[in-house]
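J.: got a structure for you, letters missing:
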(Lines give C-alpha, C1' and ligand atoms only; values in the text may rest on other atoms or scores of the structure.)
Protein backbone atom coordinates (compact mmCIF):
# COMPACT_ATOMS: atom_id res chain seq x y z
CA UNK A 1 0.00 0.00 0.00
CA UNK A 2 1.29 3.44 -0.92
CA UNK A 3 1.20 6.11 1.76
CA UNK A 4 0.21 9.54 0.44
CA UNK A 5 1.26 12.27 0.18
CA UNK A 6 4.53 11.49 -1.57
CA UNK A 7 6.93 14.40 -1.95
CA UNK A 8 9.45 14.96 -4.73
CA UNK A 9 12.16 17.58 -4.55
CA UNK A 10 14.35 19.31 -7.07
CA UNK A 11 17.19 21.80 -7.02
CA UNK A 12 18.42 23.99 -9.84
CA UNK A 13 21.33 26.43 -9.90
CA UNK A 14 22.10 28.93 -12.66
CA UNK A 15 25.00 31.35 -12.97
CA UNK A 16 24.17 34.64 -14.65
CA UNK A 17 26.89 34.39 -17.30
CA UNK A 18 26.04 30.80 -18.34
CA UNK A 19 23.36 29.71 -20.81
CA UNK A 20 22.78 26.46 -18.91
CA UNK A 21 22.09 25.38 -15.34
CA UNK A 22 22.34 22.30 -13.15
CA UNK A 23 19.35 20.25 -12.04
CA UNK A 24 19.18 17.64 -9.28
CA UNK A 25 16.14 15.60 -8.30
CA UNK A 26 15.32 13.73 -5.13
CA UNK A 27 15.38 10.49 -7.16
CA UNK A 28 19.05 10.96 -8.10
CA UNK A 29 18.94 12.59 -11.54
CA UNK A 30 21.76 15.08 -12.02
CA UNK A 31 21.94 16.86 -15.36
CA UNK A 32 22.65 20.16 -17.01
CA UNK A 33 19.67 21.98 -18.54
CA UNK A 34 19.19 24.75 -21.09
CA UNK A 35 16.40 26.47 -22.90
CA UNK A 36 15.47 24.97 -26.30
CA UNK A 37 17.33 26.10 -29.42
CA UNK A 38 14.14 27.84 -30.57
CA UNK A 39 14.47 30.20 -27.59
CA UNK A 40 18.20 30.80 -27.94
CA UNK A 41 19.54 27.75 -26.10
CA UNK A 42 21.42 24.81 -27.48
CA UNK A 43 20.68 21.14 -27.99
CA UNK A 44 23.62 19.97 -25.86
CA UNK A 45 21.38 19.74 -22.79
CA UNK A 46 17.74 18.81 -22.24
CA UNK A 47 15.23 21.62 -21.79
CA UNK A 48 12.31 21.80 -19.37
CA UNK A 49 10.13 21.09 -22.41
CA UNK A 50 12.12 17.91 -23.10
CA UNK A 51 11.60 16.75 -19.52
CA UNK A 52 7.88 17.55 -19.68
CA UNK A 53 7.56 15.40 -22.79
CA UNK A 54 9.67 12.68 -21.18
CA UNK A 55 7.44 12.74 -18.10
CA UNK A 56 4.31 12.14 -20.19
CA UNK A 57 6.09 9.36 -22.06
CA UNK A 58 7.62 7.68 -19.01
CA UNK A 59 4.57 7.88 -16.76
CA UNK A 60 2.32 5.89 -19.09
CA UNK A 61 5.11 3.37 -19.72
CA UNK A 62 5.72 2.96 -15.97
CA UNK A 63 2.00 2.72 -15.23
CA UNK A 64 1.65 0.05 -17.93
CA UNK A 65 4.59 -1.93 -16.47
CA UNK A 66 3.24 -1.82 -12.91
CA UNK A 67 -0.28 -2.74 -14.02
CA UNK A 68 1.02 -5.55 -16.27
CA UNK A 69 2.95 -7.00 -13.35
CA UNK A 70 -0.11 -6.92 -11.11
CA UNK A 71 -2.23 -8.57 -13.82
CA UNK A 72 0.46 -11.13 -14.71
CA UNK A 73 0.64 -9.97 -18.32
CA UNK A 74 3.42 -11.72 -20.22
CA UNK A 75 5.30 -9.56 -22.75
CA UNK A 76 8.88 -9.05 -23.91
CA UNK A 77 9.25 -5.27 -23.98
CA UNK A 78 7.34 -2.02 -24.01
CA UNK A 79 8.45 1.10 -25.88
CA UNK A 80 7.07 4.64 -25.63
CA UNK A 81 7.44 7.37 -28.24
CA UNK A 82 6.01 10.83 -27.71
CA UNK A 83 5.68 14.26 -29.22
CA UNK A 84 4.43 17.33 -27.39
CA UNK A 85 3.33 20.52 -29.13
CA UNK A 86 4.13 23.94 -27.65
CA UNK A 87 1.58 26.45 -28.95
CA UNK A 88 -0.03 29.72 -27.96
CA UNK A 89 -3.30 29.59 -26.03
CA UNK A 90 -6.26 31.94 -26.42
CA UNK A 91 -4.43 34.59 -24.34
CA UNK A 92 -1.37 34.34 -26.57
CA UNK A 93 0.76 32.64 -23.90
CA UNK A 94 2.81 29.56 -24.79
CA UNK A 95 1.42 26.30 -23.40
CA UNK A 96 2.08 22.62 -23.94
CA UNK A 97 -1.18 22.29 -25.88
CA UNK A 98 -1.21 18.65 -26.96
CA UNK A 99 0.81 15.47 -26.80
CA UNK A 100 0.73 12.13 -28.55
CA UNK A 101 2.17 9.09 -26.84
CA UNK A 102 2.47 5.80 -28.69
CA UNK A 103 3.09 2.69 -26.61
CA UNK A 104 4.25 -0.43 -28.45
CA UNK A 105 4.15 -3.71 -26.54
CA UNK A 106 6.16 -6.54 -28.13
CA UNK A 107 5.95 -10.25 -27.53
CA UNK A 108 2.58 -10.10 -25.83
CA UNK A 109 0.99 -13.46 -25.10
CA UNK A 110 -2.60 -12.36 -24.32
CA UNK A 111 -3.70 -9.35 -26.38
CA UNK A 112 -7.09 -9.08 -24.64
CA UNK A 113 -5.39 -8.83 -21.26
CA UNK A 114 -2.93 -6.37 -22.84
CA UNK A 115 -5.82 -4.13 -23.89
CA UNK A 116 -7.27 -4.31 -20.38
CA UNK A 117 -3.90 -3.34 -18.88
CA UNK A 118 -3.60 -0.50 -21.42
CA UNK A 119 -7.01 0.91 -20.42
CA UNK A 120 -6.12 0.77 -16.73
CA UNK A 121 -2.72 2.39 -17.38
CA UNK A 122 -4.27 5.18 -19.45
CA UNK A 123 -6.86 5.89 -16.76
CA UNK A 124 -4.33 5.87 -13.89
CA UNK A 125 -1.30 7.67 -15.35
CA UNK A 126 -1.09 10.42 -12.76
CA UNK A 127 1.13 12.75 -14.82
CA UNK A 128 -1.44 12.70 -17.63
CA UNK A 129 -4.17 13.27 -15.04
CA UNK A 130 -2.29 16.25 -13.58
CA UNK A 131 -1.69 18.41 -16.65
CA UNK A 132 -3.92 20.58 -18.80
CA UNK A 133 -2.22 19.26 -21.94
CA UNK A 134 -4.49 17.20 -24.18
CA UNK A 135 -2.69 13.84 -24.07
CA UNK A 136 -3.67 11.25 -26.67
CA UNK A 137 -2.37 7.74 -26.00
CA UNK A 138 -2.21 4.95 -28.56
CA UNK A 139 -1.31 1.34 -27.77
CA UNK A 140 -0.02 -1.12 -30.34
CA UNK A 141 0.57 -4.82 -29.68
CA UNK A 142 3.08 -6.85 -31.70
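T.: Happy to help now that I have it. This one's a predicted model, so the numbers in the text were calculated from it and none came from an experiment.

J.: helices or strands next to the one helix or strand residue 116 maps to in the packing?
T.: Element membership for residue 116 (DSSP states H and E) is helix 111-124. Packing contacts for helix 111-124, counted by 3 or more CB pairs under 8 Å, 6 or more residues apart in numbering; DSSP states H and E, involve helix 48-70, strand 94-106, strand 134-141. C-beta: built from backbone N, CA, C; applies to glycine.

J.: buried sites along that helix?
T.: 113, 114, 117, 118, 120, 121, 122 (16 or more other CB atoms under 10 Å).

J.: what is the nearest of these to residue 60?
T.: Distance to residue 60 across the buried residues of helix 111-124 (CB to CB) is lowest for residue 121, with 6.0 Å.

J.: that older thread, check which element follows the helix holding residue 116 along the chain.
T.: Following helix 111-124 toward the C-terminus (DSSP H and E): helix 126-130.

J.: what helices or strands is that following helix leaning on?
T.: In terms of contacts (3+ CB pairs under 8 Å, 6+ apart), helix 126-130 is packed against helix 48-70.

J.: compute the inter-axis angle for the helix it packs on and strand 134-141.
T.: 40 degrees (axes from the mean of the first three to the mean of the last three CA atoms, to 10 degrees).

J.: got the contact list for helix 48-70?
T.: 33, 35-36, 46, 73, 75, 78-84, 86, 96, 99, 101, 103, 105, 114, 117-118, 120-122, 124-128, 131, 133, 135, 137 (CB atoms under 8 Å, 6 or more residues apart in numbering).
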